[in-house]
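Q: This is the structure alone, sequence omitted:
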C-alpha cells in the first residue's frame with residue numbers, strides 16, 4: 001500500500017491531506033491522524049494520544065456508549081488542521097496520534113477499572129497526555145487515578161455534565177457512571193480548592209445531593225448560569241478558580257441540550273449549546289491541562305451525527321489545550 005500524503009508542520013506528522021485523499025476513505029482514525037504505530041515508525045514521539053475506551057457497563061439508563069469511540073472518530077473526519085477560533089494548529093503544536101482502543105472487560109467492573117488505570121499509566125509513561133473517547137463516565141475514575149499519580153499530587157477538575165456524578169451507590173454498587181467523582185474525592189485524587197461542575201441541571205433525588213457535593217469541595221456553574229452570564233464570563237470564573245494547578249477536564253456530552261446531543265444515555269432538557277461549550281473551552285487557554293475525556297456518546301440514539309460531531313469538535317479543542325504544554 002502506498003504512503004498516504006499527510007499534512008506536516010513544525011516537524012510533526014499530521015492528518016491525511018484531504019485535498020489529495022477523500023476524507024471518507026482510509027483508516028478511521030480520529031481526524032484522519034496517524035496511528036501511533038505509523039508515527040513511531042516514522043520517528044515521531046507522540047505528545048498526545050487519542051485513545052478510545054469502549055466500555056458502558058456502568059450505565060444506569062440507556063446503554064450504547066461502548067460504541068462511542070468509533071462513532072466520534074467517524075464524526076471527526078471533517079476536522080481540519082487549523083483552528084481559526086483560537087488561531088492555532090492543534091496538530092502542529094504537538095505530535096498527536098490515534099492510539100486505538102483499550103481492551104476492557106465488560107463483565108467485571110473491578111477488573112475493568114484496574115485495567116483502564118494500568119493502560120493509562122502505560123500510555124503516559126513516555127510523557128504523553130491522553131485525550132480519551134468514552135465510554136461511560138465510570139472510566140473517569142481510573143483515568144483520574146492515573147492522572148494524579150503522574151502529576152504526583154491531587155489534580156484540579158472541571159466536570160462538564162448535566163449531572164453531579166457524586167452519588168454514593170446505585171443498587172448498592174459503588175462504581176457506576178454516577179459515582180466517579182465521589183470516589184475520586186474519597187480517594188484524595190482531587191484538589192478540593194479547584195473543583196467545579198459546569199452545565200448541571202435537572203431534578204435531583206433531594207437537597208442532600210447538593211450538600212454532599214459541597215462537602216467534597218465542588219463549585220457549580222449551572223446551564224442557566226451559562227445562559228445568563230455568557231460563555232466568556234463563565235470561562236473567566238473557571239480560570240480564576242483553577243489557575244496554577246494541574247487540571248483534568250471531563251466532558252459528559254449530555255452537558256449539551258438534547259437538541260445538540262440526542263445520542264446520549266441520560267438526556268436532560270435545558271442544556272448548553274455546542275457553541276457555548278466550545279467557547280468556554282477556548283476561554284481556558286493557558287491552564288495546565290494534563291488529561292481530558294469526552295464520554296457518554298451513545299450512537300444508537302444519535303441522528304445525522306449531531307452528537308458525534310459535537311463530541312469530535314470538543315475533543316479537537318481539548319487537544320488544543322493539551323498541546324499547549326507539549
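A: Thanks, I have it. These numbers come from a predicted model, not from an experiment. Numbering: from 1, shown residues only.
Q: who touches residue 47 in this structure?
A: By Cβ atoms under 8 Å, 6 or more residues apart in numbering, the contact set of residue 47 is 94, 95, 96, 127, 128, 129, 323, 326. Heads up, the C-betas are built off the backbone N, CA and C, glycines and all.
Q: Apologies, that question was intended for residue 143.
A: Counting by Cβ under 8 Å, 6+ apart, residue 143 has contacts 116, 117, 120, 130, 132, 248, 291, 293.
Q: Could you rerun that using 6 Å?
A: residue 120 (Cβ atoms under 6 Å, 6 or more residues apart in numbering).
Q: and what of residue 71?
A: So residue 71 contacts 297, 299, 308 (Cβ under 6 Å, 6+ apart).
Q: where does the first one land on pLDDT?
A: So that's residue 297. Listed pLDDT for residue 297 reads 98.
Q: With the one 5 residues further on instead?
A: Among the per-residue scores, residue 302 holds a pLDDT of 98.
Q: Also the one 3 residues further on?
A: Reading off the per-residue confidence, residue 305 sits at a pLDDT of 97.
Q: State the phi and psi torsions of it.
A: phi 60, psi 30 (degrees, to the nearest 10).
Q: where's residue 76 relative to residue 121, distance?
A: Remark: distance between residue 76 and residue 121 (Cβ to Cβ, to the nearest Å) = 26 Å.
Q: So the two - more neighbours on which side?
A: More neighbours surround residue 76 than the other of residue 76 and residue 121, with 27 against 15 (other Cβ atoms under 10 Å).
Q: Could you list which residues are in contact with that one?
A: For residue 76, the contacting residues are 30, 31, 312, by Cβ under 6 Å, 6+ apart.
Q: Show the buried residues in these.
A: Among those, the ones that count as buried by 16 or more other Cβ atoms under 10 Å are 30, 31, 312.
Q: Dump the residues you listed to JSON lines, plus pLDDT.
A: Below are the buried ones among the contacts of residue 76 laid out as JSON lines (pLDDT from 0 to 100):
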{"residue": "30", "pLDDT": "98"}
{"residue": "31", "pLDDT": "97"}
{"residue": "312", "pLDDT": "98"}
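Q: Make JSON lines from those and add secondary structure and distance to residue 304 to it.
A: Shown next, in JSON lines, are the buried ones among the contacts of residue 76 (DSSP: H, G, I helix; E, B strand; the rest coil; distance: Cβ to Cβ, whole Å):
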{"residue": "30", "secondary structure": "helix", "distance to residue 304": "20"}
{"residue": "31", "secondary structure": "helix", "distance to residue 304": "19"}
{"residue": "312", "secondary structure": "helix", "distance to residue 304": "14"}
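Q: any chance of the contacts of residue 47 in TSV, with pLDDT and secondary structure too?
A: Below are those laid out as TSV (pLDDT from 0 to 100; DSSP: H, G, I helix; E, B strand; the rest coil):
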residue	pLDDT	secondary structure
94	96	coil
95	97	coil
96	98	strand
127	97	coil
128	98	coil
129	98	strand
323	96	helix
326	69	coil
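Q: coming back round to it: just curious, which of the buried ones among the contacts of residue 76 is nearest to residue 48?
A: Top of the list for closeness to residue 48, among those and by Cβ to Cβ, is residue 30 at 10.5 Å.
Q: Chain neighbours aside, what residue packs nearest to that closest one?
A: Excluding its sequence neighbours, the residue lying closest to residue 30 (Cβ to Cβ, 6 or more residues apart in numbering) is residue 50, at 4.5 Å.
Q: and what of residue 323?
A: Excluding its sequence neighbours, the residue lying closest to residue 323 (Cβ to Cβ, 6+ apart) is residue 94, at 3.8 Å.
Q: Surely that neighbour touches residue 322?
A: No. In this structure, residue 94 is not within contact of residue 322 by Cβ atoms under 6 Å, at 7.1 Å.
Q: These two: who's more crowded?
A: residue 322 (25 against 22).
Q: Can you classify the more buried one as helix, strand or coil?
A: helix (DSSP: H, G, I helix; E, B strand; the rest coil).
Q: what's the pLDDT at it?
A: 98.
Q: Pull the contacting residues for it.
A: Residue 322 sits in contact with 48, 129, 289, where contact means Cβ under 6 Å, 6+ apart.
Q: ok, now with 10 Å
A: 47-49, 90, 93-94, 96, 128-131, 249, 289-292 (Cβ atoms under 10 Å, 6 or more residues apart in numbering).
Q: Relative to residue 312, how far out is the residue nearest to it when sequence neighbours are not counted?
A: Nearest in space to residue 322, with sequence neighbours left out and distances taken as Cβ to Cβ, 6+ apart, is residue 129 at 4.7 Å. Per Cβ to Cβ, residue 129 is found 18 Å from residue 312.
Q: how about the strands in this structure?
A: For the chain, the strands defined by DSSP state E cover 6-9, 12-16, 48-53, 96-101, 129-134, 155-160, 190-200, 218-222, 246-252, 288-295.
Q: Centre-most residue in the protein?
A: residue 293 (1.9 Å; Cα atoms, centre = their mean).
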